[in-house]
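Novice: A structural model of the following input is requested.
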Amino acid sequence: MTHEWTPQRVNALIALWDEGLPTSEIGRRLDITKNAVIGKVHRLGLAKRGSPIKEKPQAEIDEHLVTLAKLRPGMCSWPIGEPDSPDFHFCGEKAVEGKPYCKVHCAKAYIRITKDGRKVAAA
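Specialist: The predicted model follows:
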């Protein structure tokens, strides 16, 4: 589907662009693709607009949280929270010798199953 860029279509494109409509909406109104709109806008040298994607505001992070950058050998590396969450951190308590976790988290991480099928904390 090819459309000719007549002066009327170019004027319509410029007017819609100046209104701040998204390129996909301009394309729908002019019956062309979003990429055709972007290409023509670029060739016309129209003013660039900021991204419509807003950055998430940075939440204040507690200075005492043990982030990956603060995690050191001998500290419990049990993850707390969701990895993509701004308050994601690690336990940070003293780790059990030879293990990556503290005593509390070792009890959760290491489960031994006895011969009779019972689950017993291994650490």
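Novice: what's the distance between residue 24 and residue 10?
Specialist: According to CB to CB, to the nearest Å, residue 24 and residue 10 sit 19 Å apart. (Each C-beta comes from the backbone N, C-alpha and C, glycine too.)
Novice: how near is residue 24 to residue 98?
Specialist: 57 Å.
Novice: Between these two, tell me which one has more neighbours.
Specialist: In this view residue 24 and residue 98 are compared by other CB atoms under 10 Å, and residue 24 has more residues nearby, 13 against 5.
Novice: any idea where the strands of this protein begin and end?
Specialist: Counting by DSSP state E, the chain has strands at residues 79-80, 89-90, 111-113, 119-121.
Novice: what about the second one, distance to the chain center?
Specialist: Translated: strand 89-90. 18 Å (CA atoms, centre = their mean, to the nearest Å).
Novice: just checking, what packs against that strand?
Specialist: Using 3 or more CB pairs under 8 Å, 6 or more residues apart in numbering; DSSP states H and E, the elements in contact with strand 89-90 are strand 79-80.
Novice: go on, the third one?
Specialist: In this structure, strand 111-113 packs against strand 119-121, with contacts taken as 3+ CB pairs under 8 Å, 6+ apart.
Novice: Could you list the buried residues of stretch 10-20?
Specialist: With burial defined by 16 or more other CB atoms under 10 Å, the residues of stretch 10-20 counted as buried are 13, 16, 17.
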